[in-house]
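1. Sequence plus the predicted model coming up.
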Amino acid sequence: MLELFQQLSDDQTALLGCGAAMLGAMFMLTLSFHANPKNRKSLPEASTNGQQESENLDENRPRRAA
């Protein structure tokens, strides 16, 4: 495996490092998304519930007299 890295040019090594960084970032993003308790439900249900919660908040707000 180390022989492979020694044979790569500087540009190829940089591209390989960039690809590894992108994969690491996507892994961390996926991990953080699934670690959030709000996102543990399926995505369509979560968006529907979020919409309903915001509508309920609007209904419960006191309104000012005109």
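-> Happy to help now that I have it. Because the structure is a prediction, the values reported are computed rather than measured.
2. What mean pLDDT does the longest helix seen in the chain get?
-> In the chain, taking DSSP state H as the definition, the longest helix is helix 10-35. Helix 10-35 shows a mean pLDDT of 94.
3. So Lys38: helix, strand or coil?
-> When classified by DSSP: H, G, I helix; E, B strand; the rest coil, Lys38 comes out as helix.
4. correction: Arg63
-> Applying three-state DSSP: Arg63 is coil.
5. and it, how many neighbours does it have?
-> Arg63: 6 surrounding residues under other Cβ atoms under 10 Å. The C-beta positions use only the backbone N, C-alpha and C, and glycine is treated the same way.
6. quick revisit: packing partners for the longest helix of the chain?
-> Contact partners of helix 10-35 among helices and strands, from 3 or more Cβ pairs under 8 Å, 6 or more residues apart in numbering; DSSP states H and E: none.
7. Show me which residues of it are buried.
-> Neighbour-count burial for helix 10-35 flags no residue at all (criterion: 16 or more other Cβ atoms under 10 Å).
8. ok, now which ones touch Phe5?
-> Thr13 (Cβ atoms under 8 Å, 6 or more residues apart in numbering).
9. would you put the C-alpha positions of the helix or strand containing it in CSV?
-> Phe5 is located in helix 2-7, with elements delineated by DSSP states H and E. Output in CSV follows, covering the C-alpha atoms of helix 2-7 (Å, rounded to 0.1, in the frame of the first residue of the first chain):
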residue,chain,number,x,y,z
LEU,A,2,2.8,2.4,0.8
GLU,A,3,4.4,1.8,-2.6
LEU,A,4,1.2,3.0,-4.2
PHE,A,5,1.4,6.3,-2.4
GLN,A,6,5.1,6.7,-3.3
GLN,A,7,4.3,6.3,-7.0
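10. Mean confidence (pLDDT) on it, please.
-> Mean predicted confidence for helix 2-7 is 85.
11. and Arg64, how many neighbours?
-> Arg64: 5 neighbours (other Cβ under 10 Å).
12. So what does it have for phi and psi?
-> phi -90, psi 150 (degrees, to the nearest 10).
13. check contacts around it.
-> Neighbours of Arg64 in contact, by Cβ under 8 Å, 6+ apart: none.
14. Quick check, Phe33 in contact with Asn39.
-> Yes: the criterion here is Cβ atoms under 8 Å, and Phe33 meets it with Asn39 at 5.5 Å.
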